[in-house]
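Undergrad: Build me a structure from this.
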Amino acid sequence: MRSQSTPAEAHLWKILRMRQVGRLKFRRQHIIQTFIVDFYCPEAKLVIEVDGPVHRKQVEYDQERDMCLHELGFQVLRFKNGVVTDETEKVIAKIIDACMETNSSTEVDAMNKLK
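TA: Below you'll find the predicted structure:
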C-alpha cells in the first residue's frame, strides 16, 4: 500500500516523517486492529486520515470506523486531499494542536493520579 500513496499523502508524509513535527514519531500505513490508518502518532494516540474522492461514497463507513477508533482511545483527524496540499500549514497546526491536547490531558491525568 505504501507505493500507492496519493500525492496528498506523499506530501504530508514528507513533513511528518523523521520527527519533523514537534519531534513526534509518525508511522505511515499503520495497522490498528482491523484498520489500516494513513498516519499514526503513538505518543499522542493520534490517527490522521487523508481523504480522496472515494471517501464521498463511504461516509457512513468512515464514521463507523472513526467511532471504533475513538472507542479504542484514539483521536482521529481527517483532511481532504486538497486541504493537505493547498493549506498545509493549517493542517500541520491542527495536527500539533491535537498532539498538544492529548499530551496535556495525559499530563493532567498523571498529575491527578499522584494526588
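Undergrad: Relative to Asp86, how far out is Val47?
TA: Distance of Val47 to Asp86, given as CB to CB, to the nearest Å: 22 Å. Bear in mind the C-beta positions are built from the backbone N, C-alpha and C, glycine included.
Undergrad: what do you get for Glu101?
TA: Glu101 is 25 Å from Asp86, by CB to CB.
Undergrad: which of Val47 and Asp86 has more neighbours?
TA: Under the criterion of other CB atoms under 10 Å, the comparison of Val47 against Asp86 puts Val47 first, with 24 against 11.
Undergrad: helices and strands of the protein: which one has the lowest mean pLDDT?
TA: helix 88-114 (a mean of 70; mean pLDDT, DSSP states H and E).
Undergrad: what sits against the residue most central in space within the chain?
TA: When CA atoms, centre = their mean is applied to the chain, the residue found nearest the centroid is Ile48 (1.9 Å). When contacts are counted by CB atoms under 8 Å, 6 or more residues apart in numbering, Ile48 touches 12, 16, 26, 37-41, 76-79, 95.
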